[in-house]
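>>> coordinates for the following, if possible.
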Amino acid sequence: MKEIVLASNNKHKIKEVNEILKGYKILSMEDIGYTDDIIEDGDSFSENAIIKAKTISEYLKSKNKNIDVIADDSGLSCDALDGAPGIYSARYAGNHNDQANRDKLRKELKGKDKKASFICCIILYHPDGTYKEFIGKTDGTIIDEEKGNLDFGYDPIFLSNDINKTFGEATEEEKNSVSHRGRALQLLLKEIGD
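Sure, this is the predicted structure:
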């Protein structure tokens with residue numbers, strides 16, 4: 001089974017990638033022994049994903065391992081907020097607190113258009129330094145009432161146009177079939193599939 005390193009230790013993300021990229025052994029940063037923090041100081045989802053992928057690829061090369069790396073950066077983009085929270089989605093309220101982020105977003109959107117999109121940029125980075133980019137997007141609306149599973153990001157307040165329920169209410173299969181990361185991973189799968 002071909003190995004691919006996912007430049008993440010996020011358990012939700014690892015699980016989602018494993019479910020979509022069946023037939024590949026997905027290794028996390030923990031699995032390869034990478035323990036440093038990666039400073040994501042890019043100005044876009046694409047730049048941040050490239051920073052992560054390149055960092056892990058160079059680490060692997062230093063260990064004489066030639067393995068492809070995938071990295072993603074993703075977030076929520078609201079029309080009325082000029083794309084915010086965007087690359088700051090995980091720390092929109094100043095920390096990595098999902099509830100505080102949701103509360104701040106609802107406050108910022110009060111009386112405004114609540115159209116929003118989740119956007120995901122995945123980078124497939126090869127040991128020779130070449131890479132390809134895959135963009136996934138899913139549209140919806142931010143709602144005031146939290147619905148469903150409350151422990152992951154903006155999911156409880158993102159009402160998906162595709163499935164007409166919040167991502168917090170959706171099953172994993174429903175969410176993966178229409179999510180931004182799911183769509184980007186499907187494009188990646190077409191690229192690497194046999």
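>>> assign the residue nearest in space to the middle of the chain to helix, strand or coil.
Residue closest to the average C-alpha location in the chain (CA atoms, centre = their mean): Ser74, at 4.0 Å. The local conformation at Ser74, judged by DSSP: H, G, I helix; E, B strand; the rest coil, is strand.
>>> pretty sure it is in contact with Ile123, am I right?
No - with contact defined as CB atoms under 8 Å, Ser74 does not count as touching Ile123 (11.7 Å). From N, CA and C alone the C-beta is placed, and that goes for glycine too.
>>> returning to that earlier point: gap between the residue nearest to the centre of the chain and Glu3?
Counting by CB to CB, to the nearest Å, the gap from Ser74 to Glu3 is 23 Å.
>>> again, but for Lys137
Lys137 is 28 Å from Glu3, by CB to CB.
>>> which residues in the chain form strands?
Secondary structure of the chain (DSSP state E): strands located at 2-6, 24-27, 69-78, 115-125, 131-142, 158-160.
>>> export those strands to TSV and tack on mean pLDDT and distance to Gly193?
Converted to TSV, the strands of the chain look like this (pLDDT from 0 to 100; distance: least, CB to CB, whole Å):
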stretch	mean pLDDT	distance to Gly193
strand 2-6	94	11
strand 24-27	93	10
strand 69-78	96	14
strand 115-125	97	12
strand 131-142	98	13
strand 158-160	97	26
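>>> would you turn those into JSON lines with distance to Arg106?
Output for these, formatted as JSON lines (distance: least, CB to CB, whole Å):
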{"stretch": "strand 2-6", "distance to Arg106": "31"}
{"stretch": "strand 24-27", "distance to Arg106": "34"}
{"stretch": "strand 69-78", "distance to Arg106": "11"}
{"stretch": "strand 115-125", "distance to Arg106": "11"}
{"stretch": "strand 131-142", "distance to Arg106": "7"}
{"stretch": "strand 158-160", "distance to Arg106": "12"}
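>>> ok, Phe45 - contacts?
73-75, 86-87, 119-121 (CB atoms under 8 Å, 6 or more residues apart in numbering).
>>> how about 10 Å then?
72-75, 77, 86-87, 89, 119-123, 133, 135, 180 (CB atoms under 10 Å, 6 or more residues apart in numbering).
>>> residue contacts, Ile56?
Contacts of Ile56 (CB under 10 Å, 6+ apart): 5-8, 27, 29, 32, 34, 38, 67, 69-71, 125.
>>> quick check, nearest of those to Phe152?
Ser8 (14.4 Å; CB to CB).
>>> and the pLDDT at the closest one?
pLDDT for Ser8: 94.
>>> likewise for Lys15?
For Lys15, the model assigns a pLDDT of 86.
>>> please apply the same query to Ile192.
For Ile192, the model assigns a pLDDT of 86.
>>> give the buried residues for stretch 96-103.
98, 101-102 (16 or more other CB atoms under 10 Å).
>>> hmm, back to that, need the winner for burial among the strands of the chain.
strand 69-78 (a mean of 25; mean count of other CB atoms under 10 Å).
>>> residue contacts, Lys114?
78-80, 105-106, 140-144, 157, 159 are the contacts of Lys114 under CB under 10 Å, 6+ apart.
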